[in-house]
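[1] Predicted model and sequence below, questions to follow.
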Amino acid sequence: MGFPKPVVDGLLKENEHHECPDSPETCVRIRAIAELPTRFGDYQVVAFQNNTDHKEHAAFVHGNVYDKEAVPVRIHSECLTGDAIGSLRCDCRDQLIDTLEKIGKMEAGLVLYLRQEGRGIGFANKIRAYQLQDAGADTVEANEMLGFRPDERDYGIAAHMLGSLHVQSIKIMTNNPDKVRDLRTHGVTIVERIPVVVPPTVRNLSYLETKRRKMGHLLDLEQNDGVEPGSESAEGERAASGKGSA
């Protein structure tokens with residue numbers, strides 16, 4: 001059971017002419033809500049749109065989170081190469097699947113999917129950063145060489161989305177302390193941090209180590225280093241408890 005129909009109708013009605021004249025860059029309105037059965041459980045999908053840059057963001061809602069406290073929430077930034085294509089350069093797809101599976105087994109929770117490709121630098125610049133990494137730079141160095149900060153993301157839109165869904169407080173599913181701080185700056189009440197634990201692989205271990213060492217992500221990478229993705233050992237490690245992720 002997700003949002004009851006009266007709640008859906010109410011959300012659509014109150015967002016029909018919603019605007020934020022003081023902060024249009026982080027303003028979104030709900031445009032549509034529909035049922036979405038998935039391999040991870042029954043969800044509802046909520047389509048948001050920013051009226052300034054016209055980017056569309058999504059909330060995948062399991063159960064009724066309306067006006068609820070301590071809602072488990074994963075805020076996931078778009079990663080086309082990882083989420084859709086299964087890139088082994090990062091752990092984005094693993095994190096997304098892990099959290100969708102976990103939330104699908106809970107009474108209620110949601111995943112916010114933000115259009116912030118490449119830690120906010122966009123797809124083309126992300127691939128330029130890959131080129132620099134192929135030449136020896138790490139992810140932080142590559143972003144800085146392109147004139148960006150290591151992480152250009154902002155979670156003001158995520159905060160607005162949570163407010164639009166009338167979520168009162170959350171349990172944030174993340175290993176990124178900057179995400180926690182940024183959400184709190186935007187007024188989100190966070191009552192707990194839930195680590196996202198997926199095993200590192202031989203392909204993304206260096207990437208994860210950079211996130212831990214240079215970006216302060218709360219990771220434990222001491223175990224499972226050297227596991228090849230798709231191998232029997234990798235599946236075994238994941239079925240146990242595993243280490244790592246971001």
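    Ah, there it is.
[2] Show me where the chain has its strands.
    Ranges of strands within the chain are 28-38, 41-50, 56-62, 71-77, 109-114, 170-173, 190-194, based on DSSP state E.
[3] any chance of those in TSV, plus mean neighbour count, mean pLDDT and distance to D220?
    Where C-beta positions appear, they are placed from N, C-alpha and C, glycine not excepted. Supplementary listing: the strands of the chain in TSV, determined by neighbours: other Cβ atoms under 10 Å; pLDDT from 0 to 100; distance: least, Cβ to Cβ, whole Å:
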stretch	mean neighbour count	mean pLDDT	distance to D220
strand 28-38	15	97	29
strand 41-50	19	97	28
strand 56-62	22	98	27
strand 71-77	25	98	19
strand 109-114	24	98	23
strand 170-173	22	97	16
strand 190-194	15	96	14
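[4] E141: neighbour count?
    16 (other Cβ atoms under 10 Å).
[5] still on that earlier bit, closest to H18 out of the strands of the chain?
    strand 28-38 (4.2 Å; Cβ to Cβ).
[6] so I190 makes contact with S169?
    Yes: in this structure, I190 is within contact of S169 by Cβ atoms under 8 Å, at 7.1 Å.
[7] quick one on the thing from earlier: with respect to E101, which of the strands of the chain lies nearest?
    Closest approach to E101 among the strands of the chain (Cβ to Cβ): strand 41-50, 8.1 Å.
[8] Just want the angle from that closest one to strand 28-38.
    160 degrees (axes from the mean of the first three to the mean of the last three Cα atoms, to 10 degrees).
[9] what's strand 41-50 packed up against?
    In terms of contacts (3 or more Cβ pairs under 8 Å, 6 or more residues apart in numbering; DSSP states H and E), strand 41-50 is packed against strand 28-38, strand 56-62, helix 92-104, helix 156-164.
[10] any chance of those in TSV, plus distance to F123?
    Output for the helices and strands packed on strand 41-50, formatted as TSV (distance: least, Cβ to Cβ, whole Å):
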stretch	distance to F123
strand 28-38	21
strand 56-62	15
helix 92-104	13
helix 156-164	18
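[11] For T26, report the pLDDT, please.
    Per-residue confidence (pLDDT) for T26: 89.
[12] residues in contact with it?
    Taking Cβ atoms under 8 Å, 6 or more residues apart in numbering as the contact definition, T26 lies against C20, N50, D154, G156, I157, A159, H160, H186.
[13] Now do the contacts for the residue nearest the centre of the chain.
    Per Cα atoms, centre = their mean, the C-alpha nearest to the average position across the chain is that of H76, at 1.0 Å. When contacts are counted by Cβ under 8 Å, 6+ apart, H76 touches C92, Q95, L96, T99, V111, L112, Y113, L114.
[14] give the contact list for the first one.
    When you say that, I think you mean C92. So C92 contacts H76, C79, G82, D83 (Cβ under 8 Å, 6+ apart).
[15] for this structure, which spans come out with low pLDDT?
    214, 221-246 (pLDDT under 70).
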